[in-house]
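> model this:
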Amino acid sequence: MQVIRKIKEMQASSDRLRREGKSIGLVPTMGYLHEGHLSLVRKAKALSNAVVVSIFVNPTQFGPGEDFEKYPRDEEEDRTKLEAEGVDFLLIPEAREMYPSGYQTYVEVTEVAKGLCGDFRPGHFRGVATVVAKFFNIVKPHIAVFGEKDYQQLLVIKRMVEDLNFDIEIISGTLIREEDGIAMSSRNAYLSPENRRKATILYRSLKEGKTSFESGERRTFALCKTVKESLESVGEISIQYVEIRDAETLEKIEIVNGPAVIAVAAIVGGVRLIDNIIIVREEKPFCYL
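Presented below is the predicted three-dimensional model:
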């Protein structure tokens, strides 16, 4: 695995791969890798000739008072995991090169970034779209793989790619869970054992909502009520939102009659957690490159 820290060096390597007729797969991450990240790496490896994983804790997607400084980092362990997966390139750029003095260009996706996490993290998705667009220009991938755990982020990236005519296919990776059902996240490291147990209610609540749907309920307000009541059964959890959205557009819906996702965000022991469950998934044939 080749470790690259300079933007020009990565661009030159990508140019060489493209001249050789090789397809490039990109997996953007902020590091502190877990099995969820590695599942995306394996998907990229199956669909491309050369896999690039980026590790960059992006300052522009953190708001005031958020956890940029304390966000967990472990470059040595990340490198070990990625080498074991057969990754070809590990890109670890420096913030001062990504955002040099005088930097003033940002990418903003409007409608899809509204609501849900967009209401609670102003500017977050502008930072995400900007850094991902930069990585697309640095790595020049044919495909890029993003996880469904950050569902709104996934749709923001898909919208940006379509609107800005990036010649890149966005591949989604299935949400991966811990044995106790908690969605894998680097921020799970913040949870105490007691709060970890409390956090399991997020997935249990989502499953109750899906069970209600499978039993015939189609009204979103009723399905959300089921999820909220389940979440509220565990004390000391602050709910930020419980919503059902169109799974393809993230538009609000009143009746579930097509692809839909239940999304939740809650504060557990001071840690903000998000989770989701797809209750209707559009069946599409999956084409390998």
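> give the contact list for residue 17.
Residues in contact with residue 17 (Cβ atoms under 8 Å, 6 or more residues apart in numbering) are 24, 49-50. To be clear about C-beta, it is placed using only N, CA and C from the backbone, and glycine gets the same treatment.
> Closest one to residue 66 out of the residues you listed, please.
Using Cβ to Cβ, residue 24 is the member of these that sits closest to residue 66, with 31.5 Å.
> Counting neighbours, what do you get for that closest one?
23 (other Cβ atoms under 10 Å).
> So what sits opposite it in the bridge?
In this entry, residue 24 is beta-bridged to residue 50, by DSSP bridges.
> could you list every residue that touches it?
Residue 24 neighbours (Cβ under 8 Å, 6+ apart): 14, 17-18, 48-52, 139-143.
> hmm, try it at 6 Å
For residue 24, the contact set (Cβ atoms under 6 Å, 6 or more residues apart in numbering) comprises 17, 48, 50, 141-142.
> Return the subset of those lying in helices.
residue 17 (DSSP state H).
> now the contacts of residue 24 in TSV, with distance to residue 101 and pLDDT?
Converted to TSV, the contacts of residue 24 look like this (distance: Cβ to Cβ, whole Å; pLDDT from 0 to 100):
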residue	distance to residue 101	pLDDT
17	31	98
48	35	98
50	33	98
141	28	98
142	33	98
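> Test my guess that residue 45 contacts residue 52.
No: Residue 45 lies out of contact with residue 52 (Cβ atoms under 6 Å); the separation is 10.9 Å.
> between those two, who's got more neighbours?
For residue 45 versus residue 52, neighbours defined as other Cβ under 10 Å are more numerous around residue 52 (28 against 18).
> Can you read off the pLDDT for residue 287?
We have a pLDDT of 40 for residue 287.
> Could I get the full set of strands for this protein?
Along the chain, counting by DSSP state E, strands occupy 2-4, 24-29, 50-55, 89-91, 143-147, 169-173, 237-246, 260-268, 271-280.
> who wins for proximity to residue 110 among those?
strand 237-246 (15.9 Å).
> For the closest one, name the packing helices and strands.
Packing partners of strand 237-246 (3 or more Cβ pairs under 6 Å, 6 or more residues apart in numbering; DSSP states H and E): helix 220-232, strand 260-268.
> tilt between that strand and strand 271-280?
30 degrees (axes from the mean of the first three to the mean of the last three Cα atoms, to 10 degrees).
> List the buried residues for strand 237-246?
By 16 or more other Cβ atoms under 10 Å, the buried positions in strand 237-246 come out as 237, 241-246.
> For stretch 237-248, what is the distance to the chain centroid?
Its chain's C-alpha centre lies 16 Å from the corresponding centre of stretch 237-248 when counted by Cα atoms, centre = their mean, to the nearest Å.
> List of residues touching that stretch?
With Cβ under 6 Å, 6+ apart, stretch 237-248 has contacts from 120, 220, 223-224, 227-228, 231, 253, 259-268, 278.
> Ok, stretch 158-171 next?
With contacts defined as Cβ under 6 Å, 6+ apart, stretch 158-171 is touched by 109, 112, 129, 136, 141, 143-145, 157.
> could you dump the contacts of residue 24 to a markdown table with distance to residue 153?
As requested, the contacts of residue 24 are exported to a markdown table (distance: Cβ to Cβ, whole Å):
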| residue | distance to residue 153 |
| --- | --- |
| 17 | 26 |
| 48 | 21 |
| 50 | 24 |
| 141 | 17 |
| 142 | 21 |
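> which of the contacts of residue 24 has the most neighbours?
residue 141 (27 neighbours).
> where in the protein is pLDDT low?
283-289 (pLDDT under 70).
> ok, residue 268 - contacts?
Neighbours of residue 268 in contact, by Cβ under 6 Å, 6+ apart: 195, 198-199, 237.
> Most neighbours among the residues you listed, please name it.
If you rank the contacts of residue 268 by neighbour count (other Cβ under 10 Å), residue 199 sits at the top with 25 neighbours.
> excluding its backbone neighbours, what's nearest that one?
residue 268 (4.7 Å; Cβ to Cβ, 6 or more residues apart in numbering).
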